[in-house]
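A.B. asks: just to be clear, the model below is a prediction. Sequence and coordinates:
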Amino acid sequence: METERVRGNPAGVTHEHVAANLRAARQAIGMDVRTAARLMTDAGRKLSASGISKIENGDRRVDVDDLTALAYVFRTTPAAILTPPADAVTLTGVPESYLPEEVQAWIAGTVKLTTEDLVRYWREQRLHAINAKRWAEEMMGSYDRGQVGVTPREVYQERYDDQAAREAHTTGRLLQLDPKASLFTE
C-alpha cells in the first residue's frame, strides 16, 4: 500500500494575502519580474523571475527571508506584505473573533491579540475619538459665534458625527472585551 507523502501544512489564507500583496507592491512601483529577480540577487537572495511569478500566483510559498528581501526590493514593509485586505479578518492560525482593525493593528505591531492589550488599544482609540469630537465641536462653536473660517461648518459637523460614531464603536468593543472595563484611561 502506497501512501502519499505530505510535507508540512497546506498553504492557508495568509499565503493568499501575501501573494496578492507582493504582486500589488511590485506593480505599484512599475517593476517587472525580471528586474525584481535581478534586484533580489543584488540583495543577496537569489530568486528567479519564474519564482517570483509563482509566489505571486500562490503556486510557491515564500519564506521569511524571501519576504523581507522582497519587501526591500518592492520598497514596502514586511508588515504591509503580511497585512490582509482591510475587510479581511481571516489569517492562518488567528481566530476569526478579532475585528479587521484589530488584525491590522496586530500586523502593524501596535497591539497584541490579548484581552489586556486590546482593552488598552480600544481605550486609546476611544480617547482619540473623544478628543477629535471635542475639537470639531469647538470649531462648530466658533462658527456659531460668527467666526467664519475657510472650511465650511458642514465639514466640522461631518467630522463630529464620524467621531461620535467612532466613540460609540470603540466603547462597544471595549465593553465587549471587558464588561467591567473602566471607560477612562488608567
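C.D. replies: Nice, I can see it.

A.B. asks: tell me the contacts of the residue nearest the centre of the chain?
C.D. replies: The chain has residue 104 as the residue nearest its centroid, 3.0 Å off, counting by Cα atoms, centre = their mean. Contacts for residue 104 (Cβ atoms under 8 Å, 6 or more residues apart in numbering) come out as 83-84, 86. For glycine as for every other residue, the C-beta is placed from the backbone atoms N, C-alpha and C.

A.B. asks: next one: phi and psi at residue 87?
C.D. replies: When read as degrees, to the nearest 10, the backbone of residue 87 gives phi -90, psi 0.

A.B. asks: tell me who's in contact with it.
C.D. replies: Contacts of residue 87 were listed using Cβ under 8 Å, 6+ apart, and they are residue 100.

A.B. asks: and what of the one 3 residues further on?
C.D. replies: The neighbourhood of residue 90, defined by Cβ under 8 Å, 6+ apart, consists of 13, 84, 96.

A.B. asks: are any of these buried, and if so which?
C.D. replies: Buried members of those, counted by 16 or more other Cβ atoms under 10 Å: residue 84.

A.B. asks: make JSON lines out of the contacts of residue 90 and add secondary structure.
C.D. replies: Formatted as JSON lines, those follow (DSSP: H, G, I helix; E, B strand; the rest coil):
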{"residue": "13", "secondary structure": "helix"}
{"residue": "84", "secondary structure": "coil"}
{"residue": "96", "secondary structure": "coil"}
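
A.B. asks: now distance to residue 49 and pLDDT too, for the contacts of residue 90, in TSV please.
C.D. replies: Listed next are the contacts of residue 90 as TSV, based on distance: Cβ to Cβ, whole Å; pLDDT from 0 to 100:
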residue	distance to residue 49	pLDDT
13	26	84
84	26	84
96	36	86
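
A.B. asks: how's this protein carved up into domains?
C.D. replies: Domain segmentation of the chain under automatic domain parsing yields 13-90, 115-177.

A.B. asks: just how off-centre is the last one within its chain?
C.D. replies: How far domain 115-177 lies from its chain's middle: 22 Å, per Cα atoms, centre = their mean, to the nearest Å.

A.B. asks: rounded mean pLDDT for that domain, please.
C.D. replies: Domain 115-177 carries an average pLDDT of 93.

A.B. asks: same deal with stretch 67-79?
C.D. replies: 94.

A.B. asks: can I get the contacts of residue 90 in JSON lines including distance to residue 68?
C.D. replies: Shown next, in JSON lines, are those (distance: Cβ to Cβ, whole Å):
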{"residue": "13", "distance to residue 68": "21"}
{"residue": "84", "distance to residue 68": "19"}
{"residue": "96", "distance to residue 68": "28"}
